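Peer 1: here is a sequence together with a model predicted from it:
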Amino acid sequence: MTREIRFQLIFEGKASPEDEMGRRMNVETEAILQPGAIEAQVAGGAATAKCNAVVENDDYGGFSETGEIVFGGGSLFYTSTGDGSLGETPDPAVQLGHVTFRVERGTGIFMGASGYIVSAFTVNEDARVRDSQSAVVFVG
């Protein structure tokens, strides 16, 4: 039987360049799992979810991303579905971006997962990331 899991989380953390040109970035973020805001089986007793990603920047303000979101009950593996976009905001110290991810697979509660995650995020001049994610995932 197929089951639908939805979540909306705010991940916060840091982007770190993997090379001198900043074309490849490692992003490590964490979201607090509010009681009642996410299914107990998904949280799996954990207080937070962790997201680890690799971002490949292009020369035109676009990027692609692959990553993993780890919950207490299992993990989701994702890849971007085309280029994400990153641009300016009214605050010159902050950039605003968006991207859509396709869920490729999962472990634990997410075994056999498919679906999408939409991400709208900011990055400041200190490489601090705030990422609002909204997901619809099917498992089973």
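Peer 2: Structure received.
Peer 1: helix/strand/coil for V42?
Peer 2: Secondary structure, DSSP: H, G, I helix; E, B strand; the rest coil: V42 is helix.
Peer 1: surely it meets F7?
Peer 2: Yes - V42 is within contact range of F7, at 7.1 Å (criterion: C-beta atoms under 8 Å). Using the backbone N, CA and C atoms, a C-beta is placed for each residue, glycine as well.
Peer 1: quick check: the nearest residue to L96 once chain neighbours are set aside vs E125, distance?
Peer 2: Spatial nearest neighbour of L96, excluding adjacent residues (C-beta to C-beta, 6 or more residues apart in numbering): T89 at 4.8 Å. Applying C-beta to C-beta, to the nearest Å, the value for T89 to E125 is 12 Å.
Peer 1: ok, the closest residue in space to R102 that isn't next to it in sequence - contacts?
Peer 2: Leaving aside its chain neighbours, R102 sits nearest to T81 (4.9 Å; criterion: C-beta to C-beta, 6+ apart). Contacts for T81 (C-beta atoms under 8 Å, 6 or more residues apart in numbering) come out as T100, F101, R102, Y116.
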